[in-house]
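Participant: sequence and predicted model, in that order:
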Amino acid sequence: MDSRNSILMNIRLTFMLATIATAPLLLFMFGIKVFVVYALIWIDKILIGVIRPARFVGIETTTTASIIMAIFYGPAVSFFSVLFLFTFLQSIRYFIFPLRPPDYPLFVPNKDSIIYAAGAALAGILNLYDFATIMIIVLVFKSFIYGITDFLVQKKPDFFITFGGTVIIHVIFFLPIGVQIMNHLK
């Protein structure tokens with residue numbers, strides 16, 4: 001049993017190191033903007049993603065990353081980039097940490113990745129507005145879509161709680177962070 005646990009730990013460590021090693025590769029190939037977007041989504045999907053209460057109250061960095069990607073690269077590139085990175089890193093998380101398997105197939109876009117990608121595309125369409133306006137519009141859009149899908153499809157009314165938490169957390173914490181990142185990337 002010890003060798004099996006050792007092999008499993010080596011596999012987990014390999015996946016973690018591979019996702020970390022991807023960051024400098026992206027920096028070298030595509031520049032600081034793509035690196036920052038990847039880093040923010042990595043933090044969200046790998047680190048924050050395993051903390052369930054953090055997710056419930058709306059602590060996440062993918063929205064900020066998707067808006068940054070959209071402002072610099074437009075709606076189409078941001079849609080597909082966020083869709084791919086979100087799906088990929090969210091799936092890799094299940095190989096790194098011993099989590100309960102998700103209700104959806106790994107490495108296949110799911111409801112969450114599609115909603116975030118749609119938010120990124122919307123941010124790309126709104127790229128003439130300032131970062132704060134874009135973030136609030138994208139948060140309301142995503143919360144509305146989550147509310148509809150959670151309530152109508154899954155019969156979960158908890159989006160009312162997460163909507164308020166998400167908007168408040170983002171306006172207080174992630175909006176200033178996003179504005180600072182944007183100032184440094186321009």
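Facilitator: Structure's in. What do you need? Remember, predicted model here, so these are calculated numbers, not experimental data.

Participant: give me the low-pLDDT residue ranges for this structure?
Facilitator: Residues of the chain that meet the criterion pLDDT under 70 lie in 1, 55-56, 156-163.

Participant: 90 instead, please
Facilitator: Confidence mapping of the chain against pLDDT under 90 gives the ranges 1-24, 46-60, 93-104, 140, 143-179, 182-186.

Participant: how far does the lengthiest helix in it sit from its chain's centre?
Facilitator: Counting residues, the longest helix found in the chain (DSSP state H) is helix 62-96. The chain centre lies 6 Å from the centre of helix 62-96; the measure is Cα atoms, centre = their mean, to the nearest Å.

Participant: ok, stretch 8-28 next?
Facilitator: Using Cα atoms, centre = their mean, the offset of stretch 8-28 from its chain centre is 18 Å.

Participant: stretch 127-146 too?
Facilitator: The answer for stretch 127-146 is 15 Å, by Cα atoms, centre = their mean.

Participant: any idea how far Pro53 is from the one residue sitting closest to the centre of the chain?
Facilitator: Nearest to the geometric centre of the chain sits Thr62, at 2.9 Å (Cα atoms, centre = their mean). Separation of Thr62 from Pro53 (Cβ to Cβ, to the nearest Å): 17 Å. For every residue, glycine as well, the C-beta is placed using N, CA and C.

Participant: same check on Leu139?
Facilitator: Leu139 is 19 Å from Pro53, by Cβ to Cβ.

Participant: neighbour count winner among these two?
Facilitator: Ranked by neighbour count (other Cβ atoms under 10 Å), Leu139 and Pro53 place Leu139 first, with 22 against 7.

Participant: the more buried one and Ile168 touch, don't they?
Facilitator: No. Assessed by Cβ atoms under 8 Å, Leu139 is found out of contact with Ile168, at 10.1 Å.
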